[in-house]
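S.K.: here is a sequence with its predicted model. Questions after.
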Amino acid sequence: MVDVDRIREDFPLLKTGVIYFDNAASSLTPKIVVDKMVEYFLEYRANIERGIYELSRRADEEYEDARRRIAKFLGAKSMQEIVFVKNTTEAINIVAHSLNFRKNNKIVTTLLEHHSNFLPWIRCKELYGVKVETVKPNSQGFLDLSDFEKIVDDNTKVVAVTHVSNVLGIITPIKKIAEIAHEHNALMVVDGAQSTPHLKIDVKNLDCDFFAFSGHKMCGPTGSGGLYIREDLLETLKPIYVGGGTVEYVNSESYRLHEGPTKFEAGTPAIGEVIGLKAAVEYLESIGLENIEQYERMLSRKIYEGLMEFPNVEVYGPEPKFKLSVTSFNVDGLGPHDVALILDSTAKIAVRSGMHCAQPLIRIVLGKPQGTVRASTYLYNTKDEVEKFLSVIEQISKLK
């Protein structure tokens, strides 16, 4: 059970009266995470893996403990399977440009994707001459597994799919798609940016080869995130960047990379942010991801059902049982940005409007070239906030 009143005490920003419904873009950060980062900067600010003095050793320990905790959080086999990155975008680009593509290879993705899990694969077509094919969801966001069975073949190198849509909130059947991919020895890449903050993740159960997520969407700091790489794939991948921290040995003509995840972490990493990410993971675990999911499904259902009652409001995506806490909609006669500005100026309700970095989905699948309004909740939002939001939308819908 989520004690939302207690949780809200951890987020000072909420005391300003703002109703924050833009969590799919970025969540708020609890004070305990900020405090943990401040502790690093004020008490043991030093670089990692470069010194044997006490401050550096403590920084090393905290950084690698974060790797250990996050591996457990994701259900990974080993901490060696976790690479620290600054966000999901960087993680997916690392995968896209660390694989050894051949010109007859194919990449399969979908029109449900955030640009971060779409553009890197389009760029692979430009750089490496590979073929990219897309699976088109229906208007509610459902993917047909038979489409993957038709497209994925023995030339397919990568199948890349979002776990949860950032526009429609729909949960995709990752495990079943992974089964199809692996039947053809293709690698399964999962964009977990929208699922990791809201669902209990088990990468082994999902049977994926790569899983990417961002810390800033799950109560962590910006500039933090992770990339799970299945352990036996680490040796086969070539990092995009090399330099300090990535090598075991260098001579005048060659070098030997580390065997573990640090070969992908060139240069001084975002140490304070990684430590903050660990604190965010511990914070979410203290509440329980299952509890968070259950609570958010209740809020999502109230928003969806409430919006559906207004005749001048068009709601997109599936019914609540198929999705998480993201609801996109439009109000007849008003542009998405107009609705967002009215919500902010009249009731201090923060929502996202526009294309949500998912233009193929919104333009091609939904057929909404102007974009949509998106309301997305998290563990600190309340039923009262939802009711106020719905009340304002009802008033806005009568402006036509």
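M.R.: Good, I have the coordinates.
S.K.: if I've got this straight, T327 is in a helix?
M.R.: No - the assignment for T327 (DSSP: H, G, I helix; E, B strand; the rest coil) gives strand, which keeps it out of a helix.
S.K.: isn't it up against E314?
M.R.: No - no contact is recorded between T327 and E314 when judged using CB atoms under 8 Å, the distance being 11.6 Å. Placement of C-beta: from N, CA and C, glycine included.
S.K.: between those two, tell me which one has more neighbours.
M.R.: The neighbour comparison of T327 against E314 (other CB atoms under 10 Å) goes to T327, with 31 against 16.
S.K.: residues contacting that one?
M.R.: For T327, the contacting residues are 169, 300, 303-304, 307, 315, 317, 374-376, by CB atoms under 8 Å, 6 or more residues apart in numbering.
S.K.: filter these down to the ones in strands?
M.R.: If you go by DSSP state E, the contacts of T327 have 315, 374-376 in strands.
S.K.: any chance of those residues in a markdown table, plus pLDDT?
M.R.: Output for those, formatted as a markdown table (pLDDT from 0 to 100):
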| residue | pLDDT |
| --- | --- |
| V315 | 98 |
| R374 | 98 |
| A375 | 98 |
| S376 | 98 |
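S.K.: tell me which of those residues is nearest to R67?
M.R.: Set against R67, the nearest of the ones in strands among the contacts of T327 by CB to CB is S376 (28.7 Å).
S.K.: thought T236 was touching N100?
M.R.: Yes - applying CB under 8 Å, one finds T236 in contact with N100, separated by 7.5 Å.
S.K.: count of neighbours near R45?
M.R.: Neighbour tally, R45, other CB under 10 Å: 12.
S.K.: ugh, wrong one, N251
M.R.: N251 is surrounded by 7 other residues when neighbours are defined as other CB under 10 Å.
S.K.: quick check: pLDDT value at it.
M.R.: We note a pLDDT of 92 for N251 in this prediction.
S.K.: start at 10, not 1
M.R.: Sure, I'll start numbering at 10, so the last one becomes N260.
S.K.: angles on the backbone of it, please.
M.R.: Dihedral angles of N260 (phi, psi; degrees, to the nearest 10) stand at phi -120, psi -170.
S.K.: against G269, how distant is it?
M.R.: In this structure, N260 lies at 21 Å from G269, with CB to CB, to the nearest Å as the measure.
S.K.: then E403?
M.R.: Between E403 and G269 the computed distance is 55 Å (CB to CB).
S.K.: same check on P248?
M.R.: P248 is 12 Å from G269, where distance means CB to CB.
S.K.: in three-state terms, how would P230 be classified?
M.R.: Bear in mind the rule, three-state DSSP; under it P230 is coil.
S.K.: so it makes contact with V283?
M.R.: No - with contacts defined as CB under 8 Å, P230 does not count as touching V283, sitting 9.0 Å away.
S.K.: these two: who's more crowded?
M.R.: The residue with more neighbours, out of P230 and V283, is V283; 30 against 21, by other CB under 10 Å.
S.K.: pretty sure that one is touching A75, no?
M.R.: Yes - in this structure, V283 is within contact of A75 by CB under 8 Å, at 4.9 Å.
S.K.: so for these two, which residues contact both of them?
M.R.: Looking at what touches both V283 and A75 (by CB under 8 Å, 6+ apart), the common residues are F93.
S.K.: need the contact partners of stretch 268-280.
M.R.: Contacts of stretch 268-280 with the rest of the structure, by CB under 8 Å, 6+ apart, involve 49, 56-58, 68, 72, 76, 89-93, 95, 103, 107, 232-233, 236, 238, 243-244, 246, 248-256, 266.
S.K.: buried residues, that stretch. List them.
M.R.: Taking 16 or more other CB atoms under 10 Å as the basis for neighbour counts, the residues of stretch 268-280 that come out buried are 269-275, 278-280.
S.K.: now stretch 331-349
M.R.: Residues of stretch 331-349 classed as buried by neighbour count (16+ other CB under 10 Å): 332-340, 343, 345, 348-349.
S.K.: number of nearby residues for the closest residue to V139 other than its chain neighbours?
M.R.: Spatial nearest neighbour of V139, excluding adjacent residues (CB to CB, 6 or more residues apart in numbering): N114 at 4.6 Å. One way to gauge burial is a neighbour count; for N114, by other CB under 10 Å, it gives 19.
S.K.: N56 now?
M.R.: Applying other CB under 10 Å, we find 16 other residues in the vicinity of N56.
S.K.: ok, it touching R67?
M.R.: No - look at N56 against R67 with CB under 8 Å: they stay out of range, at 11.7 Å.
S.K.: quick one: low-confidence parts of the stretch 310-409 of the chain?
M.R.: Within the stretch 310-409 of the chain, the set of residues satisfying pLDDT under 70 comprises 409.
S.K.: so which bits of the helix-or-strand element of the chain with minimal mean pLDDT are buried?
M.R.: Of all the helices and strands that make up the chain, the one with the lowest confidence by mean pLDDT, DSSP states H and E is strand 256-259; it has a mean of 89. Along strand 256-259, no position meets the burial threshold by neighbour count (16+ other CB under 10 Å).
S.K.: how about CSV for the buried residues of stretch 268-280, with distance to N126, pLDDT and secondary structure added?
M.R.: As requested, these are exported to CSV (distance: CB to CB, whole Å; pLDDT from 0 to 100; DSSP: H, G, I helix; E, B strand; the rest coil):
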residue, distance to N126, pLDDT, secondary structure
G269, 25, 88, coil
P270, 21, 93, helix
T271, 25, 92, helix
K272, 23, 92, helix
F273, 18, 93, helix
E274, 21, 93, coil
A275, 23, 92, coil
P278, 23, 94, coil
A279, 22, 96, coil
I280, 27, 97, helix
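S.K.: can I get those residues in a markdown table with distance to S354?
M.R.: Supplementary listing: those in a markdown table, determined by distance: CB to CB, whole Å:
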| residue | distance to S354 |
| --- | --- |
| G269 | 51 |
| P270 | 46 |
| T271 | 48 |
| K272 | 50 |
| F273 | 44 |
| E274 | 43 |
| A275 | 45 |
| P278 | 40 |
| A279 | 35 |
| I280 | 40 |
